[in-house]
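Student: Using only what follows, build the 3D model:
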Amino acid sequence: MPDVTASSGLLHSTKVHVEDSGGPGRPVVLIHGWPLSGESWSEQVGPLSAAGHRVVAYDRRGFGRSDKPSGGYDYDTLADDLDGVLEELDLTDVTLVGFSMGGGEVARYIARHGEDRIHSVVFAAAVPPYLMKSDDNPDGPLTEEAAKEMEDGLKADRTTFFDGFTRDFFSADGELKVTEEQRQEAIALCHQSDQTAALGCMEAFGTTDFRDDLTKVTVPTLVIHGDSDAIVPFEGSGQRTHAAIASSDLVVVEGAPHGFNVSHAEEFNRALLHFLER
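Tutor: All right, here's what the predicted structure looks like:
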């Protein structure tokens, strides 16, 4: 379908690319991880559509086929982009599914825009509540040194960085859990990202504190995570998000890496569809 105007400004309107498919049932909005695009949900779109859901997957600004503006890569703006998508498509009674970085948009959207349009939410291998380790956040799984190493690697050589990143993304205990063809498909999506967007979003998902945002979540919530996630470790993220949202459901997929919506698609989809029955 045509691109959606996610945000409007006096000088520039940002359009994001949207794929809108499926049946007449409750809408499911899929928010992708870094540095991919909506195409990374290919293993979920078919099963969700077959179950009757209206499936909306969009490319975050700066990624995939969306506009690539020079700024706006903070979570307030990204959450406002999500609000723009929901408003323009007039979506209500929505389930938001945020993977990795996309979980931050879910949390910040509710904090900024409330739950009037929302039926339920899913945090899938997601970055909340707060990745960066600090005196105030001793359980954060990301050190400043590791964040700097990622930033320097991306700046120095995108090709080498994305090759290594996708190996870690899809590996558990040092073993690649997808086919090489699937990994190459992910690398191609990585290369669609704008460098300014990739660096800006890297800073955003690494340094944004969602702890207060999670207190605003009252709708039915699923936290789903792989127990062998080497990118966003379960103990420092999903486990803490589940604890922060008292009524949330938790599914931990055994032996699953970060990119488990691809590597363990059958288990991921089964848990998601079961949750969507609520």
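Student: now the helices: where do they sit in this structure?
Tutor: With DSSP state H as the criterion, the chain has helices at 42-50, 75-88, 101-113, 144-156, 158-169, 180-191, 195-207, 211-214, 238-244, 260-263, 265-276.
Student: Would you mind listing where the stretch 1-150 of the chain has pLDDT under the threshold?
Tutor: For the stretch 1-150 of the chain, applying pLDDT under 70 flags the ranges 1-2, 8-12.
Student: redo that, cut-off 90
Tutor: 1-13, 22-23 (pLDDT under 90).
Student: Please apply the same query to the stretch 151-278 of the chain.
Tutor: Scanning the stretch 151-278 of the chain for pLDDT under 90 picks out 278.
Student: For the residue positioned nearest the centre of the chain, which non-adjacent residue is spatially closest?
Tutor: By Cα atoms, centre = their mean, the chain has its centre lying nearest to residue 102, at 2.3 Å. Excluding the flanking residues, the one nearest residue 102 by Cβ to Cβ, 6 or more residues apart in numbering is residue 31, at 3.2 Å. Heads up, the C-betas are built off the backbone N, CA and C, glycines and all.
Student: Now do the contacts for the one you found.
Tutor: Each residue near residue 31 by Cβ atoms under 8 Å, 6 or more residues apart in numbering is listed here: 58, 60, 82, 96-99, 102-103, 105-106.
Student: hmm, try it at 7 Å
Tutor: Residues near residue 31 by Cβ atoms under 7 Å, 6 or more residues apart in numbering: 82, 96-99, 102, 105-106.
Student: so it bridges to which residues?
Tutor: Residue 31 has these beta-bridge partners by DSSP bridges: residue 58, residue 98.
Student: Would you check how far apart the closest residue in space to residue 62 that isn't next to it in sequence and residue 83 are?
Tutor: Closest residue to residue 62 apart from its sequence neighbours, by Cβ to Cβ, 6+ apart: residue 197 at 2.4 Å. With distances taken as Cβ to Cβ, to the nearest Å, residue 197 is found 19 Å from residue 83.
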